[in-house]
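Novice: here is my input; please provide its structure:
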Amino acid sequence: MKIYNVFLFLFLTCVLSSCSYFVCTISSYGITPVEKSYYIAAAEPSLDEDLEFQEYANILRLRLNEKGYVETNSQDADLCMYLSYYVGEDQLNSTTTISNSYANIKTNSNTSSKTSARAYGSASTNVHGNSAKTTGSAHGNSSTSTQKNSDTKVSSYSTSTSFANYKTPIGCRIVAHNAKTQKNVWQVDVSNYILDSQQTSLRKLMPWMLFYAQKHFGTTGEETIEISHKKGKKTGLVWPY
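Specialist: Here you go, the predicted model:
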C-alpha cells in the first residue's frame, strides 16, 4: 500500500507540475553587430575539447547560422561566441505529506444456556369388595438460564510519510565578444529548473534553451517562455520531459 502511494504521488506531481510544459527565463543585453563572422569557444578554456561542450556548440552553431551569422576561424572572425552552462545545487522546492488512517474492530461473543426439568408421579389403588379407590399425584418443575456476553474493541492508528521535493537550477549563457575592440556586443542568459519528478536532464533541455535564446541574439529584454507539449511538437525538437 505504501509503495502504491509513493508511485501515485510521483505520478500526480509529474502531471500537476511542469512535466507537460517547458518553462525558462531569458534575459538579453546588447545590439546586433554589423560584422557577423564568428567562432565558438568555451567560457572556460579547459572545456574547448570536452565532448559535452562540443555537442552544445554544434546546436549553438546551427542557431547562429539561422540568424545570419557566418562561422569562420578564430584568426579572421570579428566575434568570439563564448558559451557556458551550469547545473546548480539542489534547492528545497516543497514538502508533501501522505497520511493513511487504519481501524481495527474486534468482537468477542460468549453465550451459555442451562436447562433443567424434574417430574414426579405416584398412583395407588385400594379394592374393598366391589368398590375401588384410586389416588394419584404428580409434581414437576422446570428452569432455564441463558447468559450472553459480547465485547467489542475498536483500535485505530494513522501513519504519515513526508517527501521533500527538490529543484535543480540549470542555465546557459552566450556572449558575443568583439575580438577587435575586446568588448562584449551582446549577451543572452537562459535559466530553468529541473524538478525531482521530471525525467529530464541538462542535455535534454539545452537544445530548447538555445532554440529560444536565438531570437534574443543582439537584443535587450527579458522573457519567460512557457510552451506546452502539444506546441512543442511543432518545433521539431525532442520533448525534454
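
Novice: for residue 73, grab phi and psi.
Specialist: Main-chain torsions, residue 73, degrees, to the nearest 10: phi -80, psi 170.

Novice: contacts only, for it.
Specialist: Residues counted as contacts of residue 73 (CB atoms under 8 Å, 6 or more residues apart in numbering) are residue 39. For the C-beta atoms, the positions are set from N, CA and C on the backbone; glycine is no exception.

Novice: and it, how far is that from residue 181?
Specialist: In this structure, residue 73 and residue 181 are 19 Å apart, going by CB to CB, to the nearest Å.

Novice: for residue 92, same thing?
Specialist: 44 Å.

Novice: residue 21 too?
Specialist: For residue 21, the distance to residue 181 - CB to CB - is 41 Å.

Novice: more crowded one of these two?
Specialist: The neighbour comparison of residue 21 against residue 181 (other CB atoms under 10 Å) goes to residue 21, with 14 against 9.

Novice: roughly how far apart are that one and residue 100?
Specialist: Between residue 21 and residue 100 the computed distance is 31 Å (CB to CB).

Novice: got a list of contacts for stretch 214-226?
Specialist: 21-33, 63-64, 66-67, 69, 174, 176, 185-186, 188, 212.

Novice: number of residues surrounding residue 204?
Specialist: When neighbours are counted by other CB under 10 Å, residue 204 comes out with 16.

Novice: list the buried ones in the helix or strand hosting it?
Specialist: Assigned by DSSP states H and E, residue 204 belongs to helix 202-213. Using 16 or more other CB atoms under 10 Å as the test for burial, helix 202-213 gives 202, 204, 205, 206, 207, 208, 209, 210, 211, 212, 213.

Novice: what do you get for stretch 163-170?
Specialist: Result for stretch 163-170 [16+ other CB under 10 Å]: buried residues 167, 168, 170.

Novice: okay, that stretch in CSV with CA atoms only?
Specialist: Provided in CSV are the C-alpha atoms of stretch 163-170 (Å, rounded to 0.1, in the frame of the first residue of the first chain):
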residue,chain,number,x,y,z
PHE,A,163,8.5,13.7,0.8
ALA,A,164,11.0,16.5,0.2
ASN,A,165,10.7,17.8,-3.3
TYR,A,166,13.8,19.4,-4.7
LYS,A,167,14.5,21.6,-7.8
THR,A,168,17.9,21.9,-9.5
PRO,A,169,18.8,25.2,-11.2
ILE,A,170,20.3,25.0,-14.7
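
Novice: residues touching it, excluding its own?
Specialist: Contacts of stretch 163-170 (CB under 8 Å, 6+ apart): 6, 9, 13, 85-98, 191-197, 202, 205.

Novice: you'd agree residue 22 is up against residue 233?
Specialist: No: when contacts are counted by CB atoms under 8 Å, residue 22 is not listed as touching residue 233 (11.6 Å).

Novice: neighbour count winner among those two?
Specialist: Per other CB under 10 Å, whichever of residue 22 and residue 233 has more neighbours is residue 22, with 25 against 11.

Novice: so the more buried one is in which element?
Specialist: Residue-wise, residue 22 maps onto strand 21-30 under DSSP H and E.

Novice: show me this structure divided up by domain.
Specialist: 2-98+163-235, 104-158 (automatic domain parsing).

Novice: report the buried residues of the helix or strand hosting residue 58.
Specialist: Here residue 58 sits within helix 51-66, counting by DSSP H and E. Neighbour-count burial for helix 51-66, counted by 16+ other CB under 10 Å, picks out 53, 56, 57, 59, 60, 61, 63, 64.
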